[in-house]
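>>> this is a predicted model, with the sequence first.
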Amino acid sequence: MSTLAPATDLAGLVARRPVGQSLEAPFYTSREFFDLDIEAVFARHWLFVAAEAELPEPGDYVTVALGPYSVVVVRDDDEEVRAFHNVCRHRGARILNDERGSVGNIVCGYHRWTYGVDGRLLHAESQPADFDPSCFGLRSVHARTVAGLVFICLAEEPPADFHEVAARIEPYILPHGLRRAKVAAQIDLVENGNWKLTMENNRECYHCGGHPELQCSLFPVYGYAEQDVPPVLRPAYERYLRADAESRRTYESLGLPYEAIEELDTRTTGFRIQREPLDGAGESFTEDGTAACKRLLADFRTPRLGRLSMHMQPNAWFHFLSDHAITFSVIPLAPDRTLVRTTWLVHPDAVEGVDYDLDSLTRVWTATNDQDALLVARAQQGIGSPAYRPGPYGPTEYQVEAFVNWYATRLKAHLAR
Amino acid sequence: MSTLAPATDLAGLVARRPVGQSLEAPFYTSREFFDLDIEAVFARHWLFVAAEAELPEPGDYVTVALGPYSVVVVRDDDEEVRAFHNVCRHRGARILNDERGSVGNIVCGYHRWTYGVDGRLLHAESQPADFDPSCFGLRSVHARTVAGLVFICLAEEPPADFHEVAARIEPYILPHGLRRAKVAAQIDLVENGNWKLTMENNRECYHCGGHPELQCSLFPVYGYAEQDVPPVLRPAYERYLRADAESRRTYESLGLPYEAIEELDTRTTGFRIQREPLDGAGESFTEDGTAACKRLLADFRTPRLGRLSMHMQPNAWFHFLSDHAITFSVIPLAPDRTLVRTTWLVHPDAVEGVDYDLDSLTRVWTATNDQDALLVARAQQGIGSPAYRPGPYGPTEYQVEAFVNWYATRLKAHLAR
Amino acid sequence: MSTLAPATDLAGLVARRPVGQSLEAPFYTSREFFDLDIEAVFARHWLFVAAEAELPEPGDYVTVALGPYSVVVVRDDDEEVRAFHNVCRHRGARILNDERGSVGNIVCGYHRWTYGVDGRLLHAESQPADFDPSCFGLRSVHARTVAGLVFICLAEEPPADFHEVAARIEPYILPHGLRRAKVAAQIDLVENGNWKLTMENNRECYHCGGHPELQCSLFPVYGYAEQDVPPVLRPAYERYLRADAESRRTYESLGLPYEAIEELDTRTTGFRIQREPLDGAGESFTEDGTAACKRLLADFRTPRLGRLSMHMQPNAWFHFLSDHAITFSVIPLAPDRTLVRTTWLVHPDAVEGVDYDLDSLTRVWTATNDQDALLVARAQQGIGSPAYRPGPYGPTEYQVEAFVNWYATRLKAHLAR
């Protein structure tokens, strides 16, 4: 580290990235890479930002903060989900200031410029005769839904392969009936680490020994090839193999797609999806593996469906179970601060206190998220030392490596423009 | 926005400013423009910083924080108001650490270096024989008073036209007797926005619909030409025309100057001054327009004098009424934080609880300032989005445009040096 | 100051430093100099970081934060004190997260990589066959002890003269028996100023008039040559001369080294050491100068030993008394924030509440530190003004000048590499 060096050599650091190892420190600590990540990753790719269940009616909206951007995601009068920059075209005021709500029109509180939920400027007081409202509609943001999940893309030309990915994941997710689900809980957690450390933490189970609650239902050998399973995890691995064989029969009899598709770093819209068994009762993320909600998400013949799990680059993961679904989205706040938003979805007719207990529903992932936040914070702290050097990813961390590969490829593509 | 761009191109942004529109985002958000604003605007121009009423006796002082500067404004033993940098000439310690007070000498708390209220170093202990105290007086700052208002200028060569401006505004203000007034209240408010957004907000009434308390006495058509008055404001506009005609007769019978002088962007010391009527009872900024203080500021024959209002570039505005005066000064704290100091002045013999109720005196502008703070914060938030684009000022915002013109001219002049 | 200037010209500012005066503002206020100070001073020189008494047993450790570095100082199984970077070699997590504790092995909480207290990687789960643990030991930091004080150096090649300095100061300090002492108290104070202002404040008694508690025992003429003593300090100076003559006889009869060695700016490991009398009862830093702890640190024949005081560049000072010892270390946190850690050591068998009262033991230096923190904060505030200019050090501030000389020499040497 030289204090006298010129500004961080972003392109050089990307180009000389050591493959198979964690990134050099500036990727995790510098303001320059934070800004580049927003520009090259978060402002260019499709991002999961909400469940459709958060916007059931026309006029319902959520506001999404993405780095310096604020985006309004709103259901329009034709029941389509649309997205706009939350910036008045007059003098730039932020228009909608709550996290969510419902509106007839979108009205700026400063000078009452009034926009429809389709973004058109409907009224601006005391303007000159040559003022053309059609030039001052809200700037739009690409939006689309996939099986009840809302994605947006800030780029003018979003990655084209997203629609192909959507077509491949929809058959897996649709049976869970998310479009008509309801939000049982949503928790925002701020982790004191770079967003990539949050993602890397999510993409391996090498650290799952630190998640006692999660290990009751999630096999802690996720991501392990047989030869990498250490003796202490051998019994869990044997249970996994038996449960997996049984599960496949169930999935086939129910016609549920389950085979893994793993294209994490081989395309622009990197993803991974797979249905696989859970440990214990095999039904849900609870301390004994039984369902947390009596009312299942759909008319499944058994609650014992394990988990349909999906990873989306750059910033989301999902678990779709028989009784509920959990979505996770990761939003960078600062080089060393990251928002993790976790949302629990249940059947729209499930009644809290009758069909499910909110604390039992959320306990495992709340505890797991808190544990991960501590690990991420320690990684951030250690990487902040000039003594830090990139270290080797082991075989069980191959999905971490895939995330980093995907990320480095996106940066290279962006810098080459 | 490119993360890889070199440092903000200040001169380029100034040069290519779109006339008739709000400024580009970096003017409001970047540290570079904040520093430039301090250097080119606040360290070069005359600034209103206090009422003389805050320094009634020799030795009375206020300390003024202006960006990185701290300035002591003190009344010297000859009753002149003087100003000095609040920095010890020994090892640089800040000397006076309170916002206001009274001193015999100005003594540094570190090593007891002792200065007179004229800035001369009077004593420094244990110095060598060749130590010359006359080389170590406090560094002085230009100061002058105008009709009871204290202005300072940090520049070595202050704008020369200030004295001409002073001569033109003095006849308007002097009748209000501010030199002998007293401070009834002073409130500091920190707005979460750039100082220019605070000023722009002050310079138009297009947003006055958001000020219900203020609209009881201030005609919300301030700044509107007849053809721009919308139907909803037509009744207020008609009342304004009637009140204006009546007021002019009053002003002329009392010999009070009232005609508007508007030189907001045509000179270095930009200003605007005008006496005009108030709505309701027409006396003061209260909820029914009646005087808030029974004891008038001077021996006026009627309290129904409306408001003598003055704007000073870069950072102040004033309302002088029959019963009290209100001064506003704006101090940048950070690119997105601004101090607004509001001071209420009344007749020195007015007695709180007898002649005026403090809450009634301050209610309208306290509420209005709070409302404006929210609007300014929303403007700052929206402009922070990369999706922000400069938008058009309408005809009722011509004084906003004049402020921005003045500002851009000052920056150009500074950068051209 | 020009906002448009390129980045701070560090080398130019160092080269043109005005000798005999305080430094120019950027040395105290800029992030660039803060980073340079960490790199050129704190990462290159020997630093006092703990008393051996803080690590009595094998496995005992303290973690030391030095700028961006975190260092583990641990006593190994051979009872040697060793130091390592507190950064896991896997993915960089900070390993030990408490300020102090005791461990068998050093185990990373993320993926259970396990290191011995000698730094070797003992175990990493699920690694490939070609993984070589000997390549992934903790990165070591130089460490050594001197008469019970622990010093570390982050440089690959530490200054060679430290061992000579150690040999010269050991005979002074060893009689105080610090290796077997115990920690009675440790207080961390954050001062709102640059670390060099904290050091400059420590290196003169020109400001001691602001320390009423300290002046009861410390002669406030420390650092004064006879001709610089002002009339008000003349009585104290006379008492000092008498006490000094008497003390020398005591020191000689006890065989205690006492002559001043002052090599503050003439070598890489700058230092000063001297034994001299205290005022009042002459025994300790208390309000009447009597011992604060009945159990002396060693088998001295009298408690009236005055103070053995030592300064170490860049960041420490010490007072060794008959009844207790006090160590001070200074750690930069930010350009304007500095940690001062004060540790009180007493005889290992001294019993709180019997042999000493904790409040009486710590009162004088706690009060003095708090007073200094206020002075340092005011210096930082004043120097932050563009109106600040370097001012002259007087004769009584010659040790401040020596500190600044040493500092500037180190920076020049570093920048010349």
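Yes, it's here. It should be emphasised that the depicted structure is a prediction, and the values quoted were computed from it without experimental measurement.
>>> give the buried residues for stretch A:367-378.
Within stretch A:367-378, the residues that count as buried by 16 or more other CB atoms under 10 Å in any protein chain shown are A:368, A:369, A:371, A:372, A:373, A:374, A:375, A:376, A:377, A:378. Glycine gets a C-beta too; all of them are placed from N, C-alpha and C.
>>> quick one: contacts of that stretch?
Counting contacts by CB atoms under 8 Å, 6 or more residues apart in numbering or on different chains, the residues outside stretch A:367-378 that touch it are A:187, A:189, A:191-193, A:197-198, A:201-202, A:207, A:210-211, A:213-214, A:338, A:340, A:342, C:93-94, C:97, C:109-110.
>>> and these, which of them are in strands?
Mapping those onto strands (DSSP state E) picks out A:187, A:189, A:191, A:338, A:340, A:342.
>>> do I have it right that residue A:403 meets residue A:201?
No: assessed by CB atoms under 8 Å, residue A:403 is found out of contact with residue A:201, at 10.3 Å.
>>> how many neighbours does residue A:258 have?
20 (other CB atoms under 10 Å in any protein chain shown).
>>> residue contacts, it?
Under the criterion of CB under 8 Å, 6+ apart, the neighbours of residue A:258 are A:172, A:247, A:248, A:251, A:274, A:275, A:276, A:308.
>>> try residue A:55
Under the criterion of CB under 8 Å, 6+ apart, the neighbours of residue A:55 are A:61, A:62, A:73, A:74, A:75, A:81, A:150.
>>> the fourth one - that's part of a strand, no?
Yes: under the criterion used here (DSSP: H, G, I helix; E, B strand; the rest coil), residue A:74 sits inside a strand.
>>> and the ones in strands among the contacts of stretch A:367-378 as CSV, adding neighbour count and distance to chain B?
As requested, those are exported to CSV (neighbours: other CB atoms under 10 Å in any protein chain shown; distance: CB to the nearest CB, whole Å):
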residue, neighbour count, distance to chain B
A:187, 13, 24
A:189, 16, 23
A:191, 25, 23
A:338, 25, 18
A:340, 21, 23
A:342, 18, 25
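>>> now residue A:341: how far from residue A:307?
Taking CB to CB, to the nearest Å as the measure, residue A:341 and residue A:307 are separated by 19 Å.
>>> and these two? Which one has more around it.
Taking neighbours as other CB under 10 Å, residue A:341 and residue A:307 compare with residue A:307 leading, 24 against 18.
>>> hey, what's the more buried one bridged with?
Partner residues in beta bridges with residue A:307: residue A:276, with DSSP bridges as the criterion.
>>> now do the contacts for it.
Counting by CB under 8 Å, 6+ apart, the residues that residue A:307 touches are A:218, A:275, A:276, A:277, A:278, A:285, A:319, A:320, A:321.
>>> residue A:260: neighbour count?
As a measure of burial, residue A:260 has 10 neighbours, counting by other CB under 10 Å.
>>> and what of residue A:179?
Around residue A:179 sit 15 other residues, with neighbours defined as other CB under 10 Å.
>>> next one: residue A:127
Residue A:127 has 18 neighbours, counted by other CB under 10 Å.
>>> now the closest residue to it other than its chain neighbours: how far from residue B:232?
With sequence-adjacent residues excluded and distances taken as CB to CB, 6 or more residues apart in numbering or on different chains, residue A:127 is closest to residue B:394, at 5.3 Å. Applying CB to CB, the value for residue B:394 to residue B:232 is 16 Å.
>>> name the residue in those two with the higher neighbour count.
When neighbours are counted by other CB under 10 Å, residue B:394 comes out ahead of the other of residue B:394 and residue B:232, with 21 against 10.
>>> so the more buried one touches residue A:129, yeah?
No: distance between residue B:394 and residue A:129: 11.6 Å, which falls outside the contact criterion (CB under 8 Å).
>>> buried ones among the contacts of residue A:258?
If you count burial by 16+ other CB under 10 Å, the buried members of these come out as A:172, A:247, A:251, A:274, A:275, A:276, A:308.
>>> so which elements touch the strand or helix carrying the fourth one?
Element membership of residue A:274, judged by DSSP states H and E, is strand A:271-276. Under the contact criterion of 3 or more CB pairs under 8 Å, 6 or more residues apart in numbering or on different chains; DSSP states H and E, strand A:271-276 touches helix A:162-173, helix A:234-254, strand A:261-263, strand A:307-312.
>>> include mean pLDDT when you put those into CSV, please.
As requested, those are exported to CSV (pLDDT from 0 to 100):
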stretch, mean pLDDT
helix A:162-173, 98
helix A:234-254, 97
strand A:261-263, 98
strand A:307-312, 98
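>>> tally of neighbours for residue A:398?
When counting by other CB under 10 Å, one arrives at 19 neighbours for residue A:398.
>>> my error: substitute residue A:226 in the last question.
8.
>>> distance of the most centrally placed residue in chain A from residue A:363?
Geometric centre of chain A, nearest residue: residue A:316, 2.0 Å, by CA atoms, centre = their mean. From residue A:316 over to residue A:363 the distance is 22 Å, taken as CB to CB.
>>> report the distance from stretch A:303-317 to the chain centre.
Computed by CA atoms, centre = their mean, to the nearest Å, the chain-centroid distance of stretch A:303-317 equals 10 Å.
>>> can you give me the first-to-last residue distance of that stretch?
One end of stretch A:303-317 sits 22 Å from the other (CA to CA, to the nearest Å).
>>> OK, contacts around the closest residue to residue A:38 other than its chain neighbours?
Setting aside the residues directly before and after it, residue A:38 is nearest to residue A:67 in space (CB to CB, 6+ apart), at 3.7 Å. Residues touching residue A:67, when contacts are defined by CB under 8 Å, 6+ apart, comprise A:38, A:42, A:43, A:332.
>>> do that again at 10 Å, thanks
A:34-35, A:37-39, A:41-43, A:154, A:331-334, B:384-386 (CB atoms under 10 Å, 6 or more residues apart in numbering or on different chains).
>>> out of those residues, which sit inside strands?
Using DSSP E, the subset of the contacts of residue A:67 located in strands is A:331, A:332, A:333, A:334.
>>> give the contact list for the nearest residue to residue A:147 once chain neighbours are set aside.
Excluding its sequence neighbours, the residue lying closest to residue A:147 (CB to CB, 6+ apart) is residue A:173, at 4.0 Å. Taking CB under 10 Å, 6+ apart as the contact definition, residue A:173 lies against A:146, A:147, A:148, A:149, A:166, A:257, A:273, A:308, A:310, A:318, A:320, A:325.
>>> pretty sure the first one sits against residue A:152.
What that stands for is residue A:146. No: under the criterion of CB atoms under 10 Å, residue A:146 lies out of contact with residue A:152, with a separation of 11.8 Å.
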